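Colleague: Any chance you can model this:
(2 chains)
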Amino acid sequence: MLGKLSFRNAKRQALNYIIYFITVTISIGLIFSFNSLAFSKDVVELSSEMKYFKEVIIITSIIISFSISWLINYTMKFILDKRSKEFAIYQILGIEKKDISNIFVKENIIIGIVALIFGVLLGMFLYQIFVSIVMNIFRQPYEIGIVFNYKALLLTIFYFILIYFLIILKNRKKIKNSKVYDLLYSEKQNENHVIKKTKHNKLLFILSIVLFLITVIIVGYTFSYSENVSFNMTVLSIITLIMGIYLFYISISGFMVDFYIKNKKRKYKKSNMFLYRNLTSKINTMSITMATLAVMFVIIIIGTNIAMLMNNMLNNEMEILYPFEIMISTIDGKFTDYKEYIYANTDVIDMYEYKIYNVKETLLASSLENTSLKDRKYNKLDNVIKLSDYNRLRKILGYSQVTLDENEAIVHTISTASKYIKDYVQKNNYIDLADREYRIKSIEDSNLGQLGFNGYIYFFVVNDSQIQYIENMNNNEEYEEYYNNFNYKLVATTKEKTTQQFYDDLCSYITNYNLEKTVVYNGVEEKYNVEMPLGNVLTRGQREGETKTFYTIISFSAIYISLILTMISATLLAIQQLSESEKYKYRYKILRELGMDEMDINKIIFKQVFIYFAIPLVIPILISIPIVLCIGNIFTLGVKYQEIIKNICMVSSIFLLVYSIYFVATDVQFEKNINEEW
Amino acid sequence: MEKLLVVDNIQKYYGNKDNITKAIDNISFDVNDGDFIGIMGASGSGKTTLLNCISTIDNVSSGHIFLEDKDITQINDENIAKFRRENLGFIFQDFNLLDTLTVEENIALILTINKHNQQDIDNKVFELALKLGIEDILNKYPYQISGGQKQRCAVARAIVNNPRLILADEPTGSLGSKSARQLLDIMNDMNEKLKVTILMVTHDSFCASYCKKILFLKDGKIFNKIEKGDKTQKEFYNQILDVLSLLGGDFRDVR
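Modeller: Take a look at the predicted model:
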């Protein structure tokens, strides 16, 4: 009989808390599908770095398990509160507490197992979608079929047990310690927190705003250059941010009361009084939860944005650095072996050999002095390419041809640096190259490998007739140290993308030479030989594989974690509102008896649920935007502000979509609860 | 007659050190086996608190309550469940049936906990249902039946395991007058034919007129005691009204 009781209770509980049940099911589905993905042979074998995917997914799954267990724990607290009378009846009927807690444990195990089964089924379906996305990224063929990964299933069950075990133990204890009287009369207990002194609240509110400002300032300063990023400052900013959020949510309700209730004009406008009293009483008791949710939202927004920034950076870097399929640099200008291999193994569309020249670092470098780009400028020299080579490269890539007079030069740079260089050029339109002065004719920023292959960040283009002066300089002994550089270049475009194998083979043609180095160590001069490569090989195909791998790892884990955290947060709010709907039912009933019609009541319900869902969201969004923009600074290489803004919009819209679904579901259910049985 | 319940000088305080409310202030009385005792009083007079203390739902601040020489204020946590299911039956104003179980299962639940065999359970439940006129609705869920039927189901649940004492807290409070009368007749029958001892809290004088003895509480003290004796129900009812008018207070809803 007790078993039957558990089973029926489980059924009823699942129906009453359908939103909660669905969230747990979807979460398990996501855990299973992501773990299947990480363990899938097809996926792991896509590239050599793909093995990290598994590790990342396992770690995120553990974090997610704890978050889900937090949600379940929270929900159980509500369920226990709501069912306190039922548990009192069990005790009054003389059922042993041990048996009562067993009823509860059994119920939850039944619900959990059903969620697990549905979750695994859902997970198998989601897995198909995810796998086809991954395969699409890598442009690999993939056939849809039922794939069941036992390792992933075992892991999912392990997480599931991890989630449930702690909670069940905790709630068992809670039931064992409960008193009949408290359970029987818990409904009549008032909410504990009353609104505290408003003066206090104002102070806390202002303090929280100050903390937010401090956070933004610290982040803005710390992340202005990547050199500035320090662990201590990052931790400090996290602490100030979290403190700010908690103080804000603790003080906000008192502040809102001041704002809406003390001002009679606002207070008596439409349903304001009813609405804000409803909300403030709740926010007050919920402030800690709200703040925790807000912290979670901040993590979601900032985390996902950083993930996307990294993706953008990797992608843009690839676009700038790898305009050609094959790019080889050598010190000695010997390309015979490479060329042989290339012609033998791939269809070449176009191939070109050229040389770049070194000049002493120009004043242009100073324009990047105070930007995050300065540490990307590795060498104390600048590069020059002659016009005919430049035009040839442009032709290969399909860019328009350019002309230059003898005393003119072009600066070719990356788009994120171009604004600094433009600033410089506006002030000083001339540049010194090999002791001769050139007028800067234009600034170009198309992708031409100007991130290490053709110069660092920027290079200059001069008329062919000017190269002799630079070559003379290069032959000068003073510049000898600049001479041993990978200045001989070979670029080629191919019909088909090259493979990892192609890259590995090509690399095997790199020959080494001995370099004699002198190091002064403890006042003693030591000479030793180092083997140095004579060449350097880059292929777009290889890099694309790498980029795609990281892209997959980063985006999938970011989506995984933020999706589940969003769902958990939204569920928490939904449960909170819905479980209180009994109480609100009474309040709204009074409104109705006072003569308000159903449409107006629904309007207030909508407002209430809306504000309730919006409050924990407002601060995270407001605070995250400046923080993300600041953090974006250290990614400026290749990532433009427009892209950061685009990221923020994209992340927010996915996030808001999931969140809104929960909001609408809550609103509909809430209206149903309030309006039924009048 | 044998003394079943002895309430000895009990007190119950609520509140904190600045503000003490004496919900029960030195109450003593005896209940004999087979009694049908009513406890009346205005709201806040302490009648529900008294019932809660006797039913082990609440603890007394001082004093003792004996049920057949066993001090129920001294029962520890491990034994309380056993004590309740063997000695007490409860009837509440709002029925408190388990809505995931059918009527039959609600009645049978306590027998299954006491590990009766299935045949025995079936017989007992059906026999009782027949007596209470709920044999047709045994397979229905509580939300499918009327308030009167729910309360009769609750009565069946309360007496199915032959408890020593039935505790009823405003059993007619949620019922219409017809259902209330039907229920009181049943309780009266139970008392007279099955010799069940009943302790009933009520503020309804008609309801109270079914009792054999009535205790009137005021401000946590016993204000008056009356016995039905050989009086007719009508005479007893009038006597109750007289006492209530003496009692004063907020007894506006006397019928």
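
Colleague: Tell me the confidence at residue 225?
Modeller: Just so you know, I chose chain A. According to the prediction, residue A:225 has pLDDT 65.

Colleague: not quite, I wanted chain B
Modeller: Here the pLDDT value assigned to residue B:225 is 91.

Colleague: can I assume it is in contact with residue B:211?
Modeller: No: no contact is recorded between residue B:225 and residue B:211 when judged using CB atoms under 8 Å, the distance being 11.4 Å. In this view, the C-beta of every residue, glycine as well, is placed from N, C-alpha and C.

Colleague: ok, those two, which is more surrounded?
Modeller: Higher neighbour count among residue B:225 and residue B:211: residue B:211, with 27 against 12, using other CB atoms under 10 Å in any protein chain shown.

Colleague: Can you classify residue B:163 by secondary structure?
Modeller: Per DSSP: H, G, I helix; E, B strand; the rest coil, the secondary structure class of residue B:163 is coil.

Colleague: show me what contacts it?
Modeller: For residue B:163, the set of contacting residues under the criterion of CB atoms under 8 Å, 6 or more residues apart in numbering or on different chains consists of B:86, B:87, B:88, B:89, B:196.

Colleague: Ramachandran coordinates for it?
Modeller: Backbone torsions for residue B:163, taken as degrees, to the nearest 10, come to phi -70, psi 160.

Colleague: same deal with residue B:30?
Modeller: Per degrees, to the nearest 10, the residue geometry at residue B:30, taken as phi and psi, is phi -120, psi 150.

Colleague: Is it in contact with residue B:5, as I believe?
Modeller: Yes: at 6.9 Å, residue B:30 and residue B:5 qualify as touching, with contact defined as CB under 8 Å.

Colleague: Give me the more crowded residue out of those two.
Modeller: Comparing residue B:30 with residue B:5 by other CB under 10 Å, the one with more neighbours is residue B:5, at 21 against 14.

Colleague: Do you have the strands of the stretch 101-250 of chain B handy? List them.
Modeller: Along the stretch 101-250 of chain B, the segments classed as strands by DSSP state E, counting those that start in this stretch run B:165-169, B:197-201, B:213-218, B:221-227.

Colleague: Those strands: which one's closest to residue A:61?
Modeller: Between residue A:61 and the strands of the stretch 101-250 of chain B, the shortest separation by CB to CB is 51.4 Å, and it involves strand B:165-169.

Colleague: Which residue comes closest to the residue of chain B found nearest chain A once chain neighbours are left out?
Modeller: Residue nearest to chain A within chain B (CB to the nearest CB): residue B:85, separated by 2.4 Å. Computed as CB to CB, 6 or more residues apart in numbering or on different chains, the closest residue to residue B:85 that is not its neighbour in sequence is residue A:94, at 2.4 Å.

Colleague: Low-confidence ranges, the stretch 1-150 of chain A, go.
Modeller: Segments of the stretch 1-150 of chain A classed as low confidence (criterion: pLDDT under 70) are A:1.

Colleague: one step back: send the alpha carbons of the helix or strand containing the residue of chain B closest to chain A over as CSV?
Modeller: Residue B:85 is part of helix B:77-87 when elements are defined by DSSP states H and E. Listed next in CSV are the C-alpha coordinates belonging to helix B:77-87 (Å, rounded to 0.1, in the frame of the first residue of the first chain):
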residue,chain,number,x,y,z
ASP,B,77,9.8,10.1,19.3
GLU,B,78,10.4,6.4,18.4
ASN,B,79,7.3,5.2,20.0
ILE,B,80,4.9,8.0,19.2
ALA,B,81,3.9,6.6,15.8
LYS,B,82,3.0,3.2,17.2
PHE,B,83,1.1,4.9,20.1
ARG,B,84,-0.9,6.9,17.7
ARG,B,85,-1.9,4.1,15.4
GLU,B,86,-2.8,1.8,18.2
ASN,B,87,-4.7,4.2,20.5
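
Colleague: Next secondary structure after that helix?
Modeller: Next along the chain after helix B:77-87, taking DSSP H and E as the criterion, comes strand B:88-91.
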